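K.L.:
Provided below are the primary sequence and the corresponding predicted coordinates.
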Amino acid sequence: MANLKFSAQIAAWADKVPEAVEAVLKESTKEIVREMQTPRAAGGRMRVDTGFLRASLMASTAAMPSINPAAQPVEGGAYTYNDGQIEAVIAGAAIGDTLYFGYTAAYAGHREYGANGQPPDAFVRLAVQNWGMTVDRTAKKVKAAFGL
């Protein structure tokens, strides 16, 4: 269904420059991932203490990355998010591929949906809800870049 919405949003000019379609898809996807990963301190929705949850984000074109029940931060540890694996999966994806993004930290679901009296952060759900607006914004930039 997301494929149909994406295609409909850019269909009017997509026939002219096929590379532009791929650019819109990949840049829009990167923007959604950036929004998911934005810490509260930077205006996002993700609470960051050690950085372990942010660092646990994985991407795939084969299947949804699974939460690892044993994946917990080490006491006193600090973790840095490296977007290299995410960028590589996005860059290697073809139009029509399904892209999966998932957190492997044991407590990822608790942060997203809330648990133990703590409210949900909804950093994934709310970012994904912005897909349509993100595609529109990215399409305008790509159209300008391609002179369309």
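P.N.:
Thanks, I have it.
K.L.:
Output the lowest mean pLDDT helix or strand found in this structure.
P.N.:
helix 2-14 (a mean of 57; mean pLDDT, DSSP states H and E).
K.L.:
how close does the residue nearest to the spatial centre of the chain sit to residue 61?
P.N.:
The chain has residue 33 as the residue nearest its centroid, 2.4 Å off, counting by Cα atoms, centre = their mean. Distance of residue 33 to residue 61, computed by Cβ to Cβ, to the nearest Å: 14 Å. The C-beta positions use only the backbone N, C-alpha and C, and glycine is treated the same way.
K.L.:
Residue 36 now?
P.N.:
From residue 36 across to residue 61, the span is 18 Å (Cβ to Cβ).
K.L.:
and if you look at residue 83?
P.N.:
16 Å.
K.L.:
Equivalent analysis for residue 116, please.
P.N.:
Distance from residue 116 to residue 61, by Cβ to Cβ: 34 Å.
K.L.:
With residue 144 instead?
P.N.:
Residue 144 sits at a distance of 29 Å from residue 61 (criterion: Cβ to Cβ).
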